[in-house]
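Q: The following comprises the amino acid sequence and a computationally predicted model.
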Amino acid sequence: MMLYCSKCRVVTDKEACPSCGRKKLRAPEPDDAVLLTAGDVRALEAVFDLLKAKGILSDLYADAKGRRASKERMGRLYVAYRDLERAAEITKKSGLIRNVEEQPSEFEPMSRKKRLFWKVFSLILFFILIWVVVTLSDAVFGWVKQVLFQA
């Protein structure tokens with residue numbers, strides 16, 4: 001049984017999303033936008049036009065949050081779940097994109113511990129950065145105050 005991650009907009013047969021690791025997956029509905037493939041926007045535009053000509057509605061975005069893809073970026077092509085198999089077949093036959101089902105994932109799946117480690121590490125680095133900025137600005141303003149009010 002296929003499951004749908006509403007955050008990443010992908011379908012999977014696993015218990016967790018292969019992109020984000022989220023376990024709150026649900027059964028896909030026919031109108032759910034599902035990731036067909038990702039890649040260079042110029043190549044995806046050709047696939048988009050081909051699917052449009054075949055009567056399959058699709059959307060071309062830069063990411064899963066729905067930001068439109070620009071010409072110089074990577075993009076993602078989404079189709080309705082009900083059209084996913086047909087769109088994959090048309091795309092494969094066209095030869096515009098090599099293998100629709102086996103598109104490389106942008107990120108390797110992380111374990112919970114690894115994800116937690118990197119979140120804590122990033123937070124510590126952020127606090128160190130804030131501390132450095134505050135300390136340096138305090139020193140600079142102290143020096144400016146000393147120069148201006150030395151009289």
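A: Looks like it came in fine.

Q: contacts, neighbours, all on C-alpha from now
A: OK.

Q: least trustworthy helix or strand in this protein by mean pLDDT?
A: Ranked by mean pLDDT, DSSP states H and E, the weakest helix or strand in the chain is strand 58-61, scoring a mean of 72.

Q: Next SSE downstream of that strand?
A: Note on strand 58-61: by DSSP states H and E, the next helix or strand toward the C-terminus is strand 74-80.

Q: C-terminal to that next one, what's the next element?
A: helix 84-94.

Q: Counting by contacts, list what that next one packs against.
A: Applying 3 or more CA pairs under 8 Å, 6 or more residues apart in numbering; DSSP states H and E, one finds that helix 84-94 contacts strand 33-40, helix 41-53.

Q: which one of these is the most hemmed in?
A: Among these, ranked by average contacts under mean count of other CA atoms under 10 Å, first place goes to strand 33-40 (a mean of 22).

Q: In the sheet, which strands lie alongside that one, parallel or antiparallel?
A: Using DSSP bridges, strand 33-40 pairs in its sheet with strand 74-80 (antiparallel).
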